[in-house]
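Quick one, structure for this:
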Amino acid sequence: MSDQTGPKIPLPRIDEESRGYWEACARGELYVQQCGDCRLLRHYPRALCPDCLSSEVQWQRCTGKGRVYTFTVVHQNQSSGFREMVPYVLAYVELDEGVRMLTNIVECKADSVKIGMPVVVRFNDFGGGVSLPHFVPVKAKRRRRSRG
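Numbering: from 1, shown residues only. Model prediction:
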């Protein structure tokens, strides 16, 4: 794995509840938890289902596709690592599976982000076995012009 490039941001604390999520991210796969009893999909990882309080946990692989549910453009952040990134887009993305994730929209200008915009996950390797899921806009397919 490569070392983190760019700003040195604080990395997540990996614990038993979130280990499966972070291991999947390191492989370039996006997983969310699913309750083994009521079948609710959820993100962020946690020990108990917020709906039925079951401790039965399964992991569900996601397509990594979704839409921007809401967002803000951060122009000021004095926290170490983040101040070098401004402006950046902090967004909730609603995955095709129905789960919402707090994330960043990257690889586009902040003023081009729109609510409802289709996005797809990209993993950024920060070294030490940690890859963070960020989302990029889905490029619109060009229509072929018919000849005739």
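
Where does the prediction get shaky in the chain?
Scanning the chain for pLDDT under 70 picks out the ranges 1-7, 140-148.

ok, which stretches of it are helices?
Here the chain has its helices, by DSSP state H, at 19-26.

Check which residues of stretch 58-66 are buried.
Under the neighbour-count criterion of 16 or more other Cβ atoms under 10 Å, stretch 58-66 has 62, 64-66 buried. Where C-beta positions appear, they are placed from N, C-alpha and C, glycine not excepted.

What's the end-to-end length of it?
Separation of the first and last residues of stretch 58-66 by Cα to Cα, to the nearest Å is 21 Å.

what does it rub up against?
For stretch 58-66, contacts defined as Cβ atoms under 8 Å, 6 or more residues apart in numbering pick out 20-21, 24, 29-36, 41, 93-97, 99, 101, 118-121, 133, 135, 138.

buried set for stretch 109-117?
By neighbour count on 16+ other Cβ under 10 Å, the buried set for stretch 109-117 is 113, 117.

The longest strand that the chain contains: partners in the sheet, and parallel or antiparallel?
The longest strand of the chain (DSSP state E) is strand 65-74. If you go by DSSP bridges, strand 65-74 pairs up with strand 88-95 (antiparallel), strand 118-125 (antiparallel).

first to last residue in stretch 111-128, what's the distance?
33 Å.

want to try JSON lines for the buried residues of stretch 58-66, with distance to R83 as columns?
Output for the buried residues of stretch 58-66, formatted as JSON lines (distance: Cβ to Cβ, whole Å):
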{"residue": "C62", "distance to R83": "31"}
{"residue": "G64", "distance to R83": "29"}
{"residue": "K65", "distance to R83": "31"}
{"residue": "G66", "distance to R83": "28"}
